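Peer 1: Provided below for reference: sequence and predicted model.
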2 protein chains.
Amino acid sequence: MVSIHNEKICTRQSVGKLLSVVLLGVVYMAYVLIGGVIFWKLEGDQMESQIALLKEERSILLQKYQCLDQNSLEELLILSASKDGLSLKGNHTSGGFWKFTSSAVFAATVVTTIGYGNISPRTTLGQIFCVVFAVVGIPLNVVVLNRVGKYMLAVERKFCNIIAKKTNHQKCMIVCLHVTSFLISSVLYFVVPMLLFQEYEGWTYSQAIYYCFITLSTIGFGDYVADSNQDKEYPDWYGCILGVWIFFGLAWLALLINHAIDLLERINAYHKSGRKNHDET
Amino acid sequence: MVSIHNEKICTRQSVGKLLSVVLLGVVYMAYVLIGGVIFWKLEGDQMESQIALLKEERSILLQKYQCLDQNSLEELLILSASKDGLSLKGNHTSGGFWKFTSSAVFAATVVTTIGYGNISPRTTLGQIFCVVFAVVGIPLNVVVLNRVGKYMLAVERKFCNIIAKKTNHQKCMIVCLHVTSFLISSVLYFVVPMLLFQEYEGWTYSQAIYYCFITLSTIGFGDYVADSNQDKEYPDWYGCILGVWIFFGLAWLALLINHAIDLLERINAYHKSGRKNHDET
Ligand SMILES: [K+]
Ligand SMILES: [K+]
């Protein structure tokens, strides 16, 4: 009877934990989406007027250099691709890069501190909002990722425990299980995305794994950015998968890095206490 | 007699602490510099052959479009500045961007995860080395910055204590001191660099403060990068000051963010324990 009661409390607690993690996730999502809308409004108008200006410039250039036509101008400009996507290339510049989806992605790259920089705010208002948005968003992001990471770890431990119970808690079995779960995670966060990017972005395997690492480590050079090549057609689920991958990948890597730092500090403390004991004797 | 003995131990301990921080700093510096040399070797040659290719392309273009000369080609290309600095603009492309200093700066942007991306490795070998370099470098960077941040905090606390002792430990005085030291740090890490960038980079005040924040938060869009405008002449001390600013600024901000997260978690735990007590009664 007591055991059933305890189990009930346990279940209630774990449901409560899951709910609090989900709630935190919803707050985080809402924060990023609202930020995206604001960036879209702040930067979108500016972008449109800039595009109009560029079109005007292009027609002036074409008049000035009579030997050039639209095609040869493109040939010239293709050699130096502009980073923010604003260029004299092509006619389909309408809409620009500050659409709603890309604004939301931009907001996500701010709070995660990845900061690819393939798009970045140009207006003073946009830049000020970006700073304010990041001041709140970065700590929120750290808290959410830590919480999600801890939850992922707890789920993994529970699963390992259930299997360990069935094998009478053999130590070698437990180590095996942890190594297996680490390997599965690595495949999930590095190998599967690598194959996906190789297929949909046309990158080589080494470029794809380089992109995966540069993104999940939050370095984010912006030399390769997924889902941003205007010449490619992406499937609808592509952006969603990308977001899920980055979110859980960051949580997983944060956990891993925290463990590594913890280990380093423990080794350091162990050495220190060893030296102290040696000094005292 | 005992007091003098204690003081001696205290001094010896604090000297030891300083030494260990300095040693860690030296290891960190050496790591970054060695990384810089390797990037320089790996990417430099590739860059030179790319520059030769670009020069060839330029002469072909000038022959093809007879109405263009070097100046008008530049006028065309200035409209779409290439992100990695490789462009058909000008004749002084020799040397390229992968000089030793810029390679070391690049190595520093990798380990700090700022990752401006104004230069990034193009060769497969360079990309692989970048991943390996970051796997070791990022945790090292976290440990060093945490250690330096803690040391800065300890020095600040000691200084505050000395003044507090002289004023008989008035609580209001202690709070005042901490607020003052926070304000001085903010000026040191945001206002002084802002004035410097406004002067030497020709940015507006809002652009300069935006750059300071985007850098120290490690977002690093790369839309503004100090000490990288080829048309400007920078004084010799400029690069050094920049490095010192980023290093101590990151340590200070890491400390601040850690405090903020700690506070958030404590408030959360306090609320939870309050609710638990409420449930139990
Ligand atoms: K970054
Ligand atoms: K970045």
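Peer 2: Structure's in. What do you need? Ligands and ions are numbered 1, 2, ... in the order given.

Peer 1: For whichever residue of the stretch 151-281 of chain A sits closest to ligand 1, what are phi and psi?
Peer 2: Proximity of the stretch 151-281 of chain A to ligand 1 (Cβ to the ion) peaks at A:Gly220, 4.3 Å away. No exception for glycine: its C-beta is placed from N, CA and C like everyone else's. Per-residue torsions, A:Gly220: phi 60, psi 60 (degrees, to the nearest 10).

Peer 1: For it, list the residues it contacts.
Peer 2: The neighbours of A:Gly220, taking Cβ atoms under 8 Å, 6 or more residues apart in numbering or on different chains as the test, are A:109, A:113-117, A:214, B:115, B:117, B:220.

Peer 1: Which residue does the stretch 1-150 of chain A have closest to ligand 2?
Peer 2: For the stretch 1-150 of chain A, Cβ to the ion, closest residue to ligand 2: A:Gly115, 3.7 Å.

Peer 1: part of a strand, is that residue?
Peer 2: No: applying DSSP: H, G, I helix; E, B strand; the rest coil, one finds A:Gly115 to be coil, outside a strand.

Peer 1: And the pLDDT for the closest residue to it other than its chain neighbours?
Peer 2: Spatially, and ignoring its direct neighbours in sequence, A:Gly115 is nearest to B:Ile219 (3.6 Å; Cβ to Cβ, 6 or more residues apart in numbering or on different chains). Listed pLDDT for B:Ile219 reads 93.

Peer 1: How much space separates B:Ile219 from A:Gly25?
Peer 2: 22 Å (Cβ to Cβ, to the nearest Å).

Peer 1: Looking at the two, which one has more neighbours?
Peer 2: The residue with more neighbours, out of B:Ile219 and A:Gly25, is B:Ile219; 29 against 15, by other Cβ atoms under 10 Å in any protein chain shown.

Peer 1: Please, which helix or strand holds the residue most central in space within chain A?
Peer 2: Nearest to the mean C-alpha position of chain A, by Cα atoms, centre = their mean, lies A:Ile246 at 3.6 Å. A:Ile246 is located in helix A:237-280, with elements delineated by DSSP states H and E.

Peer 1: and that helix with ligand 1, contact?
Peer 2: No: judged by Cβ under 5 Å from the ion, helix A:237-280 makes no contact with ligand 1; its nearest approach is 12.1 Å.

Peer 1: All the helices of chain A, residue numbers only.
Peer 2: A:2-64, A:70-77, A:100-111, A:124-166, A:171-186, A:192-200, A:205-216, A:237-280 (DSSP state H).

Peer 1: Go through those helices and name the closest to B:Ile163.
Peer 2: With Cβ to Cβ, the closest approach to B:Ile163 among the helices of chain A belongs to helix A:124-166: 30.1 Å.

Peer 1: low-scoring stretches of chain A, by residue?
Peer 2: Counting by pLDDT under 70, chain A has low-confidence residues at A:1-10, A:47, A:58, A:66, A:68-97, A:169, A:275-281.

Peer 1: since we're on the residue lying closest to A:Leu145 once chain neighbours are set aside, how many residues are nearby?
Peer 2: Nearest residue to A:Leu145, sequence neighbours excluded (Cβ to Cβ, 6+ apart): A:Ala251, at 4.6 Å. A:Ala251 has 21 neighbouring residues, counting by other Cβ under 10 Å.

Peer 1: for A:Leu61, same thing?
Peer 2: Under the criterion other Cβ under 10 Å, the count of neighbours that A:Leu61 has is 17.

Peer 1: In the stretch 151-281 of chain A, which residue sits closest to ligand 2?
Peer 2: Counting by Cβ to the ion, the stretch 151-281 of chain A gets nearest ligand 2 through A:Gly220, at 3.7 Å.

Peer 1: Which residue is the nearest non-sequential neighbour of that residue?
Peer 2: A:Ile114 (3.8 Å).
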